[in-house]
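> compute the structure for the input listed below.
(2 chains)
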Amino acid sequence: AQTVTQSQPEMSVQEAETVTLSCTYDTSESDYYLFWYKQPPSGQMILVIRQEAYKQQNATENRFSVNFQKAAKSFSLKISDSQLGDAAMYFCAYRRYAGNKLTFGGGTRVLVKP
Amino acid sequence: DVKVTQSSRYLVKRTGEKVFLECVQDMDHENMFWYRQDPGLGLRLIYFSYDVKMKEKGDIPEGYSVSREKKERFSLILESASTNQTSMYLCASSLEGYEQYFGPGTRLTVT
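The predicted structure follows:
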C-alpha cells in the first residue's frame, strides 16, 4: 500500500519570504501522480500543483514550484514571495497512474507573518 | 466552474442516531468520493463510487455506508453514530483519471 508522509506539522514564514514543505512517499509503482492541495480556514480543498512521475521537469504554478526527486521518493513544495493568503493547511497526495484514489499525507500548517 | 456542494457545514447528532451526509456535483462526473479528515491523519478515503449504484470500499469503511441513486448525488450514511465518528467529512468528484474537486466539508459532532 502507498503511504505519504509530511514530517512538518507546522511551518512559519515571513511575508514575501520563501518556505519549503516536505513530502515523502512510498510506492512500488513506476507511473503515478503527485499533488499538493491547499486547505484555507474555509475548509475548501484547492489543487495547487500536480506532477506526473514520468516527467523529469519539475512542475511550476506561479509562485508555487515543486522539487520532485523520484529515486528518493521526495516531493517538496516551495512557496515563493509568501502572501498572507497562503496561510493554510497543505496536503501532499499520491495517486496511481491508472487509478482514481488519492492517498494523503497528514498535512502541514503554514503560518504567514506580516 | 465545477461545483461540489454538501448539505450542511456543521452538524450535531447524538450517539446512536442515523446520520445522512449529502453531496451533489454539477459537472456530470462519474467518480465521487467520501473522505474523513482528522488532525495529523490527513484525509482518509471512506468510500468511492465510479457509477450510479456502484461503490467501492476505501481505507476506513467500517461504520459507514453509501448510496448513489443518481449520478450527481452521493450520500454517506452513519447507521448508528458514535463519538469516534466526530470529524470533518469531505466529498469530492472527478472525471475518470482527472483531478478531484472537493466540497466545502461538513463538520460533524456526535455527542
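> how about the residues of chain A near chain B?
A:4, A:6, A:9, A:35, A:42-47, A:50, A:91, A:93, A:98, A:100-102, A:104-107 (C-beta under 8 Å from any C-beta of the partner chain). Placement of C-beta: from N, CA and C, glycine included.
> how does it look with 7 Å?
By the rule C-beta under 7 Å from any C-beta of the partner chain, the part of chain A lying against chain B is A:42-45, A:47, A:50, A:91, A:100-102, A:104-107.
> of those, which count as buried by neighbour count?
A:43, A:44, A:45, A:50, A:91, A:100, A:101, A:102, A:104, A:105, A:106, A:107 (16 or more other C-beta atoms under 10 Å in any protein chain shown).
> which ones among the residues you listed lie within strands?
If you go by DSSP state E, those have A:50, A:91, A:102, A:104 in strands.
> which of the residues you listed sit farthest apart?
By the measure C-beta to C-beta, these have their two most distant members at A:50 and A:104, which lie 14.3 Å apart.
> make CSV from the buried ones among the residues of chain A next to chain B and add pLDDT to it.
As requested, those are exported to CSV (pLDDT from 0 to 100):
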residue, pLDDT
A:43, 86
A:44, 87
A:45, 93
A:50, 95
A:91, 97
A:100, 85
A:101, 90
A:102, 93
A:104, 95
A:105, 95
A:106, 95
A:107, 96
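> adding distance to residue B:23 as columns, could you present those residues in JSON lines?
Written out in JSON lines, the entries for those read as follows (distance: C-beta to C-beta, whole Å):
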{"residue": "A:43", "distance to residue B:23": "14"}
{"residue": "A:44", "distance to residue B:23": "14"}
{"residue": "A:45", "distance to residue B:23": "13"}
{"residue": "A:50", "distance to residue B:23": "23"}
{"residue": "A:91", "distance to residue B:23": "19"}
{"residue": "A:100", "distance to residue B:23": "16"}
{"residue": "A:101", "distance to residue B:23": "17"}
{"residue": "A:102", "distance to residue B:23": "16"}
{"residue": "A:104", "distance to residue B:23": "18"}
{"residue": "A:105", "distance to residue B:23": "23"}
{"residue": "A:106", "distance to residue B:23": "24"}
{"residue": "A:107", "distance to residue B:23": "22"}
